[in-house]
Structure formats: C-alpha cells, structure tokens
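Build me a model:
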Amino acid sequence: MLLTMDVGNTNTVLGVYRGSELVANWRLTTSREQTIDEYGILARDLFTLASLDSSEIDGVIISSVVPQLNSTLAGMSERYFHLKALFVEPGVKTGMPIHYDNPLEVGADRIVNAVAAFEKYGGPCISVDFGTALNFDAVSERGEYLGGVLAPGIGISADALFARAARLFRVEIKDPGKIIGTNTVASMQSGLYYGYVDMVDGILERMKKVLGEKTRVVATGGQAALIGKGSRHIETIDEFLTLDGLRIIWERNSGASVRGGKERHASPQAAGVPPKSER
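Residues are numbered from 1 along each chain as shown. Next up is the predicted model:
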C-alpha cells in the first residue's frame, strides 16, 4: 500500500492506496508544532480506526508547501513506517514538461494537480485548487505545464473582511440564495459567494480564450464543491485530485531499492518540480 500526504498551509490530507484504489483518506489541520512522534502516533491511530495495517505500507510520497515540516514528516516516515519518504521536489519524475520562466518557482502542489488533471481528463485542461490560495494551473493538449493564476483564497478574503471591519463579524461561507442581501449576514455571504464565483468564472473565461473553448476544467480543494456548483466553467469536482496526482507520480518513479526488509524508493534522476508553493 502507498501512503500519500498533501501538506498545505491550512490542511494536511492523507490518503492510502491499494494499487489504484483509494481505500482511506483523512483531512487534518496542518500543525507546524507537532513532533515526529505526534505525527507518527496520529497516523498509526488513523490506520487503526480504518482497520488498516500500517506494516503493509511499502511507499510514502509527500507534497509539502510547509518547508519547516519536511524534516518532521521525513522522520515520521522513517521511524513509524521504516521507509524513506519521496518528496515531490527536483529530481522527481513527473512526466510533465514545465514551461515556466523559472521552474523552481512552481509549487509542488500545483504540478501534482496538473499531472492528475491531464492524466485523468486529458488536455488542454485547467486545474483549480481552492486552498489557502486559489490556484489555476493550465496544461496544454500535449501535457505541458504552461503556468497559471494565483489569487487569495476565499477564506483569506473572509478573514481580512472580519478583521478590518469593526462592525462586521464572522459568517458561514455559503450561497445565500439571492444576490441582494436583506440583512448583514446575507449581504456578507452574497459578497463572498457570488464575488468568488464571478472571479473564478472571469479568470477561467480568459484562460479558455488562450487554451481553447474545449478546455476541461476540474476543481479540487475545500471550497471546490461550493463555488463549483455556481460556476459556468467548472465541469468536474474531484475531491481527491491531489492524492491521485501523488499516486501517479509515485508510479512514474519506478526505481526502488530494498533496505531493512522493506522496499524503499530510490531518488530518480529525471527533471522534476520543487516543493516551494505560493498556496
């Protein structure tokens, strides 16, 4: 089995694959203060609750945009799974050429999403990730990463509104059902929901003018279902796009070494992507 981990600034998503089947997944709050043992014990507890045997894990792959956690997660993998984790970083084979002015600036999460979107839905395509930041990533018909658009996530915008406006308060981010709010809560929800739906559609419309009107658009992340249902351009909501991308990249890095009785992934030599992200 394969353990995949997508470490974002706000949430960390874990998935366990048996072959190509996702047999378990969990979404946790990203904690920069947790130790190797705290992460390891938490992972073991999650496996127990899902009736999975952690000793069956023979691979670990991690996409992280929180560099200070990388050594902790690497240590957790070594101590609790007896495996060297494969991080999505330079040297990892992605199978996707990166057409960015400086490829080192592209976040690992963005490339992982692009790889999964192209593999699952074909090209040209756009992956939209509703995370701490809102990422739009474009892939050509030939499977080349072309670049994208970055914007503040809806949660960041909502937090700024609550923090900077003395008389406003935190509200649930949802579709209020009408554009003109008749109370403060509905008015704020209208601005957040319809504002982001229209921003997302406006960006996608401009991107599709470049890529072609037949471009597939797939969304993932915490607010994907909410915003996606109001979008004219988002065709597919794929909750596990990033985890699937990690599995695909793991499979493309086929070199393996054996140490300590368990299979361990060796470092590939092909060009890949960096761990840094703007998310």
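
Helices along the chain, start to end?
Taking DSSP state H, the helices of the chain run over residues 36-49, 70-81, 108-121, 154-164, 184-211, 224-228, 241-252.

show me where pLDDT drops low in the stretch 51-200 of the chain?
For the stretch 51-200 of the chain, not a single residue meets the criterion pLDDT under 70.

The same query, at a cut-off of 80, please.
Regions of the stretch 51-200 of the chain meeting the criterion pLDDT under 80 cover residues 166-168.

Excluding residues flanking it in the chain, which one is nearest N70?
Using CB to CB, 6 or more residues apart in numbering and skipping residues adjacent in sequence, the residue nearest N70 is S64, 5.5 Å away. Backbone N, C-alpha and C define where each C-beta goes, glycine included.

follow-up on the earlier one: of all the helices of the chain, which lies closest to K93?
Comparing these against K93 with CB to CB, the closest turns out to be helix 241-252 (5.0 Å).

That closest one packs against which elements?
Contact partners of helix 241-252 among helices and strands, from 3 or more CB pairs under 8 Å, 6 or more residues apart in numbering; DSSP states H and E: strand 2-7, strand 11-18, strand 21-29, strand 59-64, helix 108-121, strand 125-130, strand 216-221.

Quick one: residues contacting the residue nearest to N70.
Residues in contact with S64, defined by CB atoms under 8 Å, 6 or more residues apart in numbering, are 5, 7, 70, 73, 87-88, 108, 275.

For it, name its beta-bridge partners.
V7 (DSSP bridges).

if we can go back for a sec, with A24 as the reference, name the closest of the helices of the chain.
Nearest to A24, of the helices of the chain and by CB to CB, is helix 36-49 at 7.7 Å.

If you count contacts, what does that closest one end up packed against?
Counting contacts by 3+ CB pairs under 8 Å, 6+ apart, helix 36-49 packs against strand 11-18, strand 21-29, helix 70-81.

Now stretch 141-153: buried residues?
By neighbour count with 16 or more other CB atoms under 10 Å, stretch 141-153 contains the buried residues 143-146, 148-149, 153.

Let me have those residues in JSON lines, adding distance to S190 as columns.
Below are those laid out as JSON lines (distance: CB to CB, whole Å):
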{"residue": "G143", "distance to S190": "39"}
{"residue": "E144", "distance to S190": "39"}
{"residue": "Y145", "distance to S190": "35"}
{"residue": "L146", "distance to S190": "34"}
{"residue": "G148", "distance to S190": "28"}
{"residue": "V149", "distance to S190": "24"}
{"residue": "G153", "distance to S190": "18"}
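
Between all of these, which two are separated the most?
Between all members of the buried residues of stretch 141-153, the longest pairwise span (CB to CB) is found for G143 and G153 and amounts to 27.1 Å.

Out of the helices of the chain, which gets nearest to V92?
Closest approach to V92 among the helices of the chain (CB to CB): helix 241-252, 6.5 Å.

Distance of the nearest residue to V88 once chain neighbours are set aside relative to S71?
Spatially, and ignoring its direct neighbours in sequence, V88 is nearest to A108 (4.0 Å; CB to CB, 6+ apart). Using CB to CB, to the nearest Å, one gets 16 Å for the distance from A108 to S71.
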